[in-house]
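Visitor: Requesting a structural model of the entry that follows:
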Amino acid sequence: MGNCCTKPISPKQNLKPVDPVDVKTSNQTTAAEKQENQQEIANDAAKYPIYYESQVKDVAMLDRKIPPLRELPTREWLKKVLEVLKELFKNSIDSAILRRISDLEDHIEGRITKDADSLMNHVGEMFGTAVLTSKDSKDDSNDMEHAKNFEELKQLLVGLPQPETIDELSNDFAFARLRIAGYVPFSLRKVSAAQWEKLNLKDYSGVCGKLKEDTNAAYTEDRLYAADYSIFEGLEPGEGKTILYPTALFQIPKDEELARRAGVTVLCIQLQTGNVESTFGPNDETWSWNYAKLMFNMAESNYHEGVAHLADTHLVVEALCLSMHHSLAETHPVYVLLKEHFFGTVFINWAANAFLVTPGGPVDELLTPTVADVNKLVSKSVLSSLASDLSFPAKMKEYGLDEESFKCTNYPYREDAKLIWEATLTWVTKYVNVQYKDDAAIGTDRQLQSFRDAMIDLGKIEWVRKEWPRGGGTKEFLSKLLASFIFIASTQHAAVNFPQKSMMAPTNVVPLGNYAKFTKPGDCTEEQTMLALPPIPRANLAKQTLYLLGGVHYTTLGDYEEGTFAGETLDLKNEFQTRLGAIEELITSRNIERVDLWKGHNTEVCDELAPHWAYTTLLPTLVPQSINI
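Guide: Next up is the predicted model:
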């Protein structure tokens with residue numbers, strides 16, 4: 001297995017340097033190189049990493065053409081990206097696209113240049129092939145042309161590969177399933193008394209009597225949950241777009257059989273912009289209800305890209321990655337454990353900053369808020385995440401989605417993620433126990449203490465400040481800390497990244513932008529709904545971008561490079577791999593059960609749902625070691 005990227009040069013930002021007596025690295029640098037590195041670090045310090053709240057204004061794009069840490073991709077990674085591009089455009093008849101892909105293939109097969117500027121231009125071309133093609137090929141006069149009807153929009157996207165998914169727009173069970181096995185499968189929160197009063201459904205004249213009755217019952221019986229995206233209130237919309245901040249209500253069905261099959265069901269959606277709000281329900285006219293679901297998916301997809309994906313996986317992991325490279329020698333046992341879980345992270349974050357999150361770039365074009373406001377939201381979110389316990393059980397408890405709080409009997413994300421978390425924590429705990437005989441050994445490891453300081457001062461990981469006293473620490477906390485970041489880099493990132501292709505790429509179901517003013521129930525038509533959805537060129541741009549980002553699988557969890565571990569730690573690594581294999585079998589078995597629950601009910605809806613009820617996102621063989629796309 002090849003490394004995704006070369007080891008980056010470690011930044012030092014006003015931190016006390018590690019005593020050179022304690023650090024023995026295999027890659028010694030000359031005095032001239034050190035001086036050059038320090039100058040580069042000084043140039044980058046004001047802008048990088050991008051998550052520092054005080055530097056939000058500089059989030060846009062580094063002027064440099066190469067990653068600040070010189071973390072460059074390997075031939076194997078480039079081939080994986082090229083494979084997805086070839087799949088994406090296999091049916092294309094555009095000679096310019098096909099020629100570009102052919103040239104990229106010749107370049108990759110011929111050599112990988114050591115010239116960083118040239119290589120980064122090459123990487124830029126690869127991303128550009130996917131995310132810029134629709135912009136390059138469109139007629140500017142038709143930039144804002146919308147599909148006339150829903151079927152036309154679907155047909156316009158037919159030229160691109162279609163993920164194997166059900167139409168979550170037309171099927172309310174499938175729409176609800178996205179909240180427990182979708183692209184943000186942890187968005188639900190129990191409705192509080194204050195939120196219930198704010199929703200004011202019991203007195204809202206637009207809600208039918210049956211819906212009022214069902215919603216009131218779910219609330220009084222503690223079965224009512226909401227996905228609330230009021231986080232977007234007050235953000236600046238992009239040109240020609242309108243910010244909506246919806247709240248959708250879901251219930252755990254009272255019928256135990258239905259609850260076991262569906263997990264949750266949708267009750268209603270409240271859309272709001274400014275002082276205008278309306279509540280939509282399944283009994284509304286078809287296009288009113290479709291419009292509400294589309295706008296809810298739009299808001300959730302924007303939250304996904306900025307917070308659940310970029311902030312809470314990419315940038316959270318970057319914080320520990322930079323801290324590790326700053327303070328630990330390559331031979332340090334913590335470095336040895338973590339290094340393959342950080343391959344590619346700094347590079348892909350730089351690439352996203354270079355080719356996606358730029359003024360006028362794809363994110364700016366596609367998402368509803370301006371890229372400047374998205375970046376502010378990202379910065380705030382990542383610092384908030386780094387201040388709390390990042391372990392999987394703690395996050396689920398924080399969300400109120402742990403097994404004790406959220407009595408959902410069919411929650412695929414929680415069920416599968418828990419298996420991998422427990423296996424990861426066991427592996428890391430046993431590894432730490434081999435390296436440190438007791439807690440006192442944590443306090444006397446000078447490099448590890450330097451790592452602790454770097455996580456606080458450089459990485460801004462306040463969780464560490466709260467739990468790890470200077471000069472102290474415990475094996476238990478170190479194990480949980482390392483396991484948490486490994487889990488986020490592998491499993492959590494997989495949970496939010498790969499649904500971009502399988503669930504979000506059909507932009508007729510999950511639009512990234514809203515292009516129309518607010519429409520109330522009863523006033524919606526198919527034509528009006530089409531005007532709210534992205535124009536045709538942007539719908540294609542979204543699908544190509546999401547297909548690429550969700551299509552690159554590089555490395556596999558637990559598959560460490562040969563020679564990384566030896567002796568007892570090698571045995572523990574093999575034990576981890578064996579356990580992951582057993583988890584793969586268990587999830588496969590669970591998916592058969594999840595599908596079978598929908599069979600045998602002799603209804604058209606059940607027959608349609610059954611084949612799509614498996615949750616394969618967290619099969620361990622589909623979970624990479626690191627964030628590298």
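Visitor: Could you list the low-pLDDT ranges of the stretch 1-150 of the chain?
Guide: 1-72, 93, 109-143 (pLDDT under 70).
Visitor: Now do the lengthiest helix in the chain: which elements does it pack against?
Guide: Scanning the chain for the helix with the most residues, using DSSP state H, yields helix 568-596. For helix 568-596, the packing partners by 3 or more CB pairs under 8 Å, 6 or more residues apart in numbering; DSSP states H and E come out as helix 412-435. (C-beta placed from N, C-alpha, C; glycine too.)
Visitor: Heading C-terminal from the helix it packs on, find the next helix or strand.
Guide: With elements assigned by DSSP states H and E, the helix or strand that comes after helix 412-435 is helix 439-444.
Visitor: what sits against residue 478?
Guide: Residue 478 makes contacts with 432, 436, 442, 448, 468, as judged by CB atoms under 8 Å, 6 or more residues apart in numbering.
Visitor: quick one: it from residue 386, how far?
Guide: As judged by CB to CB, to the nearest Å, residue 478 and residue 386 stand 17 Å apart.
Visitor: State the mean pLDDT of stretch 399-408.
Guide: Across stretch 399-408, pLDDT averages out at 96.
Visitor: gap between the two ends of that stretch?
Guide: 14 Å (CA to CA, to the nearest Å).
Visitor: what's in contact with that stretch?
Guide: Contacts of stretch 399-408 (CB under 8 Å, 6+ apart): 180, 186, 188-190, 225, 252, 259, 263-264, 393, 396-397, 411, 414.
Visitor: Neighbouring strands - and their directions - for the top strand by length along the chain?
Guide: When the chain is parsed with DSSP state E, its longest strand is strand 265-273. Under the criterion DSSP bridges, strand 265-273 sits next to strand 247-251 (antiparallel), strand 276-280 (antiparallel) in its sheet.
Visitor: out of those strands, deepest packed?
Guide: Burial of the strands paired with strand 265-273 is given as mean neighbour count (mean count of other CB atoms under 10 Å); strand 247-251 ranks first at a mean of 25.
Visitor: Run a quick neighbour tally on the residue nearest to residue 237 when sequence neighbours are not counted.
Guide: In this structure, residue 237 finds its nearest non-sequential neighbour in residue 243, 4.6 Å apart by CB to CB, 6 or more residues apart in numbering. The tally of other residues near residue 243 (other CB atoms under 10 Å) stands at 21.
Visitor: and residue 243, helix, strand or coil?
Guide: At residue 243 the chain is in coil, as set by DSSP: H, G, I helix; E, B strand; the rest coil.
Visitor: can you pull out the helices in the stretch 151-300 of the chain?
Guide: Here the stretch 151-300 of the chain has its helices, by DSSP state H, counting those that start in this stretch, at 172-181, 193-199, 209-220, 256-262, 286-303.
Visitor: so where is the protein shaky, pLDDT-wise?
Guide: Residues of the chain that meet the criterion pLDDT under 70 lie in 1-72, 93, 109-143, 156-168, 200-210, 600-610.
Visitor: Output the strands paired with strand 265-273 as JSON lines; include the columns distance to residue 537.
Guide: Below are the strands paired with strand 265-273 laid out as JSON lines (distance: least, CB to CB, whole Å):
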{"stretch": "strand 247-251", "distance to residue 537": "29"}
{"stretch": "strand 276-280", "distance to residue 537": "29"}
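Visitor: among those, which is nearest residue 310?
Guide: Nearest of the strands paired with strand 265-273 to residue 310, taken as CB to CB: strand 247-251 at 22.7 Å.
Visitor: What lies in contact with that closest one?
Guide: 176, 179, 188, 191, 199, 201, 214-215, 218, 223-230, 264-270, 272, 296.
Visitor: Please apply the same query to stretch 418-437.
Guide: Residues contacting stretch 418-437 (CB under 8 Å, 6+ apart): 333-334, 337, 391-393, 442, 445, 475-476, 478-480, 482-483, 486-487, 490-491, 557, 568-569, 572-573, 575-576, 579-580, 583, 586-587, 618, 620, 623.
Visitor: contacting residues for the residue most central in space within the chain?
Guide: Nearest to the geometric centre of the chain sits residue 309, at 2.5 Å (CA atoms, centre = their mean). By CB under 8 Å, 6+ apart, the residues touching residue 309 are 493, 496-497.
Visitor: ok, residue 304 to residue 262 distance?
Guide: 22 Å.
Visitor: My understanding was that residue 372 contacts residue 238; is that so?
Guide: No. Contact between residue 372 and residue 238 fails when scored by CB atoms under 8 Å: they sit 9.9 Å apart.
Visitor: quick one, which of these two is more surrounded?
Guide: Under the criterion of other CB under 10 Å, the comparison of residue 372 against residue 238 puts residue 238 first, with 23 against 17.
Visitor: got the contact list for that one?
Guide: Listed by CB under 8 Å, 6+ apart, the contact set of residue 238 reads 364-365, 367-371, 513.
Visitor: Among the residues you listed, which one lies nearest to residue 350?
Guide: Of the contacts of residue 238, the one sitting nearest to residue 350 (CB to CB) turns out to be residue 371, at 16.4 Å.
Visitor: Turn the contacts of residue 309 into JSON lines, including neighbour count and secondary structure.
Guide: Below are these laid out as JSON lines (neighbours: other CB atoms under 10 Å; DSSP: H, G, I helix; E, B strand; the rest coil):
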{"residue": "493", "neighbour count": "24", "secondary structure": "helix"}
{"residue": "496", "neighbour count": "24", "secondary structure": "helix"}
{"residue": "497", "neighbour count": "23", "secondary structure": "helix"}
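Visitor: how many neighbours does the residue nearest to residue 575 when sequence neighbours are not counted have?
Guide: Distance criterion CB to CB, 6+ apart; nearest residue to residue 575, sequence neighbours excluded, is residue 427 at 7.3 Å. Neighbour count for residue 427, taken as other CB under 10 Å: 24.
Visitor: what's the spacing between residue 171 and residue 149?
Guide: 19 Å.
Visitor: again but with residue 433, I slipped
Guide: 63 Å.
Visitor: same question, residue 324
Guide: Taking CB to CB as the measure, residue 324 falls 53 Å from residue 149.
Visitor: Could you check which of these two has the larger neighbour count?
Guide: Taking other CB under 10 Å, residue 324 and residue 149 do not tie; residue 324 has more neighbours (23 against 13).
Visitor: What values do phi and psi take at the more buried one?
Guide: Dihedral pair for residue 324: phi -60, psi -50, per degrees, to the nearest 10.
Visitor: Would you check that it makes contact with residue 340?
Guide: No. Look at residue 324 against residue 340 with CB under 8 Å: they stay out of range, at 12.0 Å.
Visitor: Stretch 298-306: which residues count as buried?
Guide: By 16 or more other CB atoms under 10 Å, the buried positions in stretch 298-306 come out as 298-306.
Visitor: so what sits against both of residue 324 and residue 340?
Guide: By CB under 8 Å, 6+ apart, no residue touches both residue 324 and residue 340.
Visitor: follow-up on the earlier one: give the buried residues for the longest helix of the chain.
Guide: Within helix 568-596, judged by 16+ other CB under 10 Å, the buried ones are 569, 572-573, 576-577, 579-580, 583-584, 587, 590-591, 594.
Visitor: In CSV: those residues, plus distance to residue 344.
Guide: Shown next, in CSV, are the buried residues of helix 568-596 (distance: CB to CB, whole Å):
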residue, distance to residue 344
569, 23
572, 25
573, 21
576, 21
577, 21
579, 25
580, 20
583, 24
584, 23
587, 25
590, 30
591, 29
594, 32
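Visitor: right, and the pair among those with maximum separation?
Guide: Taking CB to CB, the two most distant members of the buried residues of helix 568-596 are 569 and 594; they sit 36.4 Å apart.
Visitor: ok, now how distant is residue 615 from residue 463?
Guide: 29 Å.
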